[in-house]
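1. I'd like to go over a predicted model; first the sequence, then the structure.
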Amino acid sequence: MKLRNKLFFFFAVSALLLQPVMTYAEPTPNPTGDPSTETPTTPTPTPSSPTAPTSDGYLKSLSVAGVRFNQNFSKAVNEYTATVTSSTTSVNISATTEVDTDTINEGDLGFKNLQDGENVFKVNVKTASGKTNTYTIKIIRATTNLNLKSLTVVGATLNEPFKSTTYNYTVDVTYNVEAVTIRPEVEDESATATVSGSTNLSVGKNTIRVLVKNSAGESQEYRIIVTRGTEDELNEEDEPGSIVSSVDEVEKSDVVTPVPDNNPGKGNTLTYILVVVVCIILLTIGIVGIYFYVKTKERSEKSKQKRIEKLKKKQQKIEEELTGLMPVITKEMEQEHLQAKAIPEESPMSEIPVREIPQMDELEDTIELEPVTREEDIDFEIEPQSELKPSESVISRNVLEEFDDLFLDE
């Protein structure tokens, strides 16, 4: 089948199918006019009028032109405070409501004149239901009076008479005055006065400033030029003949309690330095003395210990020599004893007393060795039977010398 025939067949079938669909979609008229047979339609809802919203009388904004409140605005905060300078004579208050149906009293907004001190303004918000919400604004205008009622220098007198409208003064003090006390008194109690530069005065001219401020930060300055004298001038005043000769002059001068010198040692710096140097020297000598004392004591202890050890060694040596000598002495004494027994009974030698052999302990406690036979023990002369060998005598003498050294060292 050709393409043309295919298209013709397609459109013919589409037309046949479209006709019943269109017929079914058209609404069927109601010739009888019975409303019950008509197709029901959904009713369109009719919009009702909006209900007025409830309001608490809050402000959307509150401000004073050129003035900053003590805190940021919040609709729930009803009190605000601000401070302006003395040159501010009026303010402009503006506000808007949070709900359009609320109203603000027109008399509460706009320009308001200010007087010195505290100024209170109220902004009343009224709702449609009759409820009222009030906001309070306190604006404090600084005082315009920045003058002093009096100005006094303790211990000195102003060269010029004081006036509240005179802002520069001079005063003279002596060399021993290094600080002065300034007592200002303000005319307006809301203002404050501060003093600077009244201490650590140098020789010559010194500027002391008295600053008077109000609550808005405005200030007025008074100046006092203090001239401090030299040390030479102070010495000249102390010389004889400089005493005031007139009682009237003393009465005219303001006699006040002199300001105590905060640095009484000034001028004696050299003395202080010498005292400090001497103290350091004495302290050094004391430390060195303690050091040598400790060292000497330690050395003495060591020397004493060495001497004790030396004496112990000598004693040990003597004991060893005595121990070695005992057999010789014992043998010698035994021989003498045997010889004494060998003498006939009729011989006078029988009357010679026989000495007992000394014990070891007795020999150690004896410093000098006694001979076995002595002249006082016999009535007649006898020929010496024996003599100690030279070596033994030398040993005995050495032992005695060692004992002498031992006692002399002690």
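-> Yep, it's here.

2. pretty sure Lys149 is in contact with Val186, am I right?
-> Yes: at 6.4 Å, Lys149 counts as touching Val186 under the criterion of Cβ atoms under 8 Å. For glycine as for every other residue, the C-beta is placed from the backbone atoms N, C-alpha and C.

3. more crowded one of these two?
-> Higher neighbour count among Lys149 and Val186: Val186, with 22 against 11, using other Cβ atoms under 10 Å.

4. in the stretch 151-300 of the chain, which spans are strands?
-> 168-173, 181-186, 192-196, 204-213, 219-228 (DSSP state E, counting those that start in this stretch).

5. residues contacting the nearest residue to Leu158 once chain neighbours are set aside?
-> Once flanking residues are discounted, Leu158 sits nearest to Tyr169: 4.9 Å by Cβ to Cβ, 6 or more residues apart in numbering. Contact analysis of Tyr169 by Cβ atoms under 8 Å, 6 or more residues apart in numbering lists Leu151, Leu158, Asn159, Glu160, Phe162, Tyr222, Arg223, Ile224, Ile225.

6. can I assume the first one is in contact with Arg209?
-> Which is Leu151. No: contact status for Leu151 versus Arg209: not in contact, 11.9 Å apart, counting by Cβ under 8 Å.

7. Return the distance of Ile273 relative to Asn176.
-> Counting by Cβ to Cβ, to the nearest Å, the gap from Ile273 to Asn176 is 21 Å.

8. burial measure for Arg299, as a count.
-> The burial count for Arg299: 11, using other Cβ under 10 Å.

9. got it, and the one 4 residues further on?
-> Here the neighbour count serves as a burial measure; for Ser303 (other Cβ under 10 Å) it reads 10.

10. What strand or helix carries it?
-> helix 269-342 (DSSP states H and E).

11. What average pLDDT does that helix get?
-> The pLDDT scores in helix 269-342 average 85.

12. In terms of secondary structure, what does it contact?
-> On a contact count with 3 or more Cβ pairs under 8 Å, 6 or more residues apart in numbering; DSSP states H and E, helix 269-342 meets helix 360-365, helix 390-409.

13. one more time with 6 Å, if that's ok
-> helix 390-409 (3 or more Cβ pairs under 6 Å, 6 or more residues apart in numbering; DSSP states H and E).

14. mind checking how far the spatially closest residue to Tyr80 that is not a sequence neighbour is from Val84?
-> Once flanking residues are discounted, Tyr80 sits nearest to Phe69: 4.4 Å by Cβ to Cβ, 6+ apart. Distance, Phe69 to Val84, using Cβ to Cβ: 12 Å.

15. higher neighbour count, the two?
-> Legend: neighbour count by other Cβ under 10 Å for Phe69 and Val84, higher for Val84 (21 against 17).

16. which residue sits closest to the more buried one, ignoring its sequence neighbours?
-> Leaving aside its chain neighbours, Val84 sits nearest to Arg141 (5.4 Å; criterion: Cβ to Cβ, 6+ apart).

17. repeat for Glu178
-> Counting by Cβ to Cβ, 6+ apart, Glu178 lies nearest to Leu201, which is 5.4 Å off, once chain neighbours are set aside.

18. try Glu233
-> The spatially closest residue to Glu233, leaving aside those adjacent along the chain, is Tyr175, at 6.5 Å (Cβ to Cβ, 6+ apart).

19. How about the backbone phi and psi for the one you found?
-> Per-residue torsions, Tyr175: phi -70, psi -30 (degrees, to the nearest 10).

20. Now do the same for Val244: its pLDDT.
-> Looking at Val244, the pLDDT reads 42.

21. Next: Gly110.
-> The pLDDT attached to Gly110 in the predicted structure is 93.

22. cool, Asn30 as well?
-> Looking at Asn30, the pLDDT reads 51.

23. what do you get for Glu218?
-> Confidence at Glu218, expressed as pLDDT, is 87.

24. ditto for the one 10 residues further on
-> At Arg228, the model reports a pLDDT of 94.

25. Could you do Thr166 as well?
-> For Thr166, the pLDDT comes out at 94.

26. tell me, how many neighbours does Val171 end up with?
-> 20.

27. who does it bridge with?
-> Note on Val171: beta-bridge partners by DSSP bridges are Val226.

28. Next one: it from Ala95, what distance?
-> According to Cβ to Cβ, Val171 stands 56 Å off from Ala95.

29. With Thr194 instead?
-> Distance, Thr194 to Ala95, using Cβ to Cβ: 39 Å.

30. Between the two, point out the one with more neighbours.
-> Set Thr194 next to Ala95 and count neighbours by other Cβ under 10 Å: Ala95 wins out with 18 against 12.

31. what residues are up against that one?
-> Leu59, Leu62, Ile104, Val123 (Cβ atoms under 6 Å, 6 or more residues apart in numbering).

32. closest to Thr181 among those residues?
-> Closest to Thr181 out of the contacts of Ala95 is Leu62 (48.6 Å), distances taken as Cβ to Cβ.

33. Now do the buried residues in stretch 138-145.
-> Neighbour-count burial for stretch 138-145, counted by 16 or more other Cβ atoms under 10 Å, picks out Ile139, Ile140, Arg141, Ala142, Thr143, Asn145.

34. what would those look like in CSV with secondary structure, pLDDT and distance to Leu338?
-> CSV is the format used below for those (DSSP: H, G, I helix; E, B strand; the rest coil; pLDDT from 0 to 100; distance: Cβ to Cβ, whole Å):
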residue, secondary structure, pLDDT, distance to Leu338
Ile139, strand, 94, 146
Ile140, strand, 90, 141
Arg141, strand, 90, 146
Ala142, coil, 85, 141
Thr143, coil, 76, 142
Asn145, coil, 85, 143
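
35. What is the nearest of the contacts of Ala95 to Lys112?
-> Comparing those against Lys112 with Cβ to Cβ places Val123 closest, at 11.1 Å.

36. What is the neighbour count of that closest one?
-> So Val123, with other Cβ under 10 Å, has 20 neighbours.

37. Sticking with it, tell me its helix or strand.
-> Assigned by DSSP H and E, Val123 falls in strand 117-126.

38. List the neighbouring strands of that strand plus their orientation.
-> Each strand that pairs with strand 117-126, with its direction, by DSSP bridges: strand 103-104 (antiparallel), strand 132-141 (antiparallel).

39. List the contacts of the longest one.
-> Okay, so that is strand 132-141. 57, 62, 78-84, 114, 116, 118-126.
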